[in-house]
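*Asks:* Sequence isn't available, so here's the structure alone:
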């Protein structure tokens, strides 16, 4: 029979062996840190969101105070938060800001590169949007796509930046209310583009989404809309060639269809397919066109429920969230081999529309997003 002493020596020997082999004796567990910007609202519909995280760990996001205006912030790796309001930003009016509609007055920080630059847009007092680039030293350059409209809800919506900082991607809304894609190079040159199959008209056309829709090679992904208002995916190659695609079983009605929300350096895209019942399914598309749909076991099967993939890192690891049958959302990480890790921010709410909402991930495995508490207030988070 082994004594306690012999067991203790055995455990110590095992630990020494593991360390000798380079294997940690105790696996490091992920940590989750809440991000609340000072002066952010603390009641339902207000608060803080973390949107983008760069390879070094700098975070860009936005927050809302009680004026209903949006304000931007940057959080460095030591936890220091710097708030910013771009010149000309609107300061009041609008609707309750969260969940973010993207058109409330104020400043939106929603993308970053590997060197501390941030991109986003500012909505002025006339509800017209203008793109901006914030340099690492804090200098802001505001820009407009030449054919962007100047009316309410129109303008330039910069939402993505390559890790090299050489490219900013987004969409602009013209004077008719139609969407078009654009790319802005570091020298200020702007390239406008449309998916040929996109329908024309207010709210239709070609769009990109937030944070990770352009890679360093210059490939852009997003969705375009047909005459019925259904969404279809696309990838625009660096040479301007556009490839369109639809996920199997994607819905064909207004607001349904195929959405692509991120692209990595290999050209792999992540997003979601919403079927004709309004249920979401996670989407992964490789550069050669292979589409994989996936559903997390605990995801609900009602309209607005299901699985959504939001971010993808260079290795192909996906983060996102699933919404269960009670309308509560939960975070997940999908490894390259298809295995999952699930997580909830401890303070996240457990009612409909509440829970944990990851947005993007970086090569180091850190994830940022937001959670909604039991009072309906929003809080950013970083999971390392």
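*Replies:* Now that the structure is in, tell me what you want to look at. The structure presented is a predicted model; accordingly, all values stated were derived computationally and were not measured.
*Asks:* Now the helix or strand where residue 244 lies: buried residues?
*Replies:* Here residue 244 sits within strand 242-245, counting by DSSP states H and E. Within strand 242-245, the residues scored as buried using 16 or more other C-beta atoms under 10 Å are 242, 245. In short, each C-beta sits where N, CA and C put it, glycine included.
*Asks:* Which other helices and strands does it contact?
*Replies:* When contacts are defined as 3 or more C-beta pairs under 8 Å, 6 or more residues apart in numbering; DSSP states H and E, strand 242-245 sits against strand 231-236.
*Asks:* next one: phi and psi at residue 137?
*Replies:* Recorded main-chain torsions at residue 137 are phi -90, psi 0, according to degrees, to the nearest 10.
*Asks:* contacting residues for it?
*Replies:* Residues in contact with residue 137, defined by C-beta atoms under 8 Å, 6 or more residues apart in numbering, are absent; none qualify.
*Asks:* Same question for residue 265.
*Replies:* Taking C-beta under 8 Å, 6+ apart as the contact definition, residue 265 lies against 215, 216, 217, 314.
*Asks:* cool, residue 57 as well?
*Replies:* With C-beta under 8 Å, 6+ apart as the criterion, the residues that contact residue 57 are 76, 77, 362, 364, 366, 382.
*Asks:* Identify, from these, the entry nearest to residue 122.
*Replies:* When the contacts of residue 57 are compared for distance to residue 122 (C-beta to C-beta), residue 76 comes out closest, at 21.9 Å.
*Asks:* Next, that closest one: phi, psi?
*Replies:* Residue 76 has phi and psi values of phi -80, psi 170 when expressed as degrees, to the nearest 10.
*Asks:* shouldn't it be in contact with residue 58?
*Replies:* Yes: in this structure, residue 76 sits in contact with residue 58. The criterion is C-beta atoms under 8 Å, and the distance is 5.7 Å.
*Asks:* Turn the contacts of residue 265 into TSV, columns for distance to residue 139.
*Replies:* As requested, the contacts of residue 265 are exported to TSV (distance: C-beta to C-beta, whole Å):
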residue	distance to residue 139
215	25
216	23
217	27
314	29
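*Asks:* List the ones among those that fall in helices.
*Replies:* Within these, membership in helices is found for no residue, as judged by DSSP state H.
*Asks:* sorry, back to before: tell me which helix or strand comes right after the strand holding residue 244.
*Replies:* Scanning the chain past strand 242-245 towards its C-terminal end, the next helix or strand to appear is strand 257-263 (assignment: DSSP H and E).
*Asks:* now that next one: mean pLDDT?
*Replies:* Confidence over strand 257-263 (mean pLDDT, whole number) is 97.
*Asks:* Show me what it is packed against.
*Replies:* Contacting strand 257-263 under the criterion 3+ C-beta pairs under 8 Å, 6+ apart are the following elements: strand 220-225, strand 231-236, strand 269-274, strand 280-285, strand 306-312.
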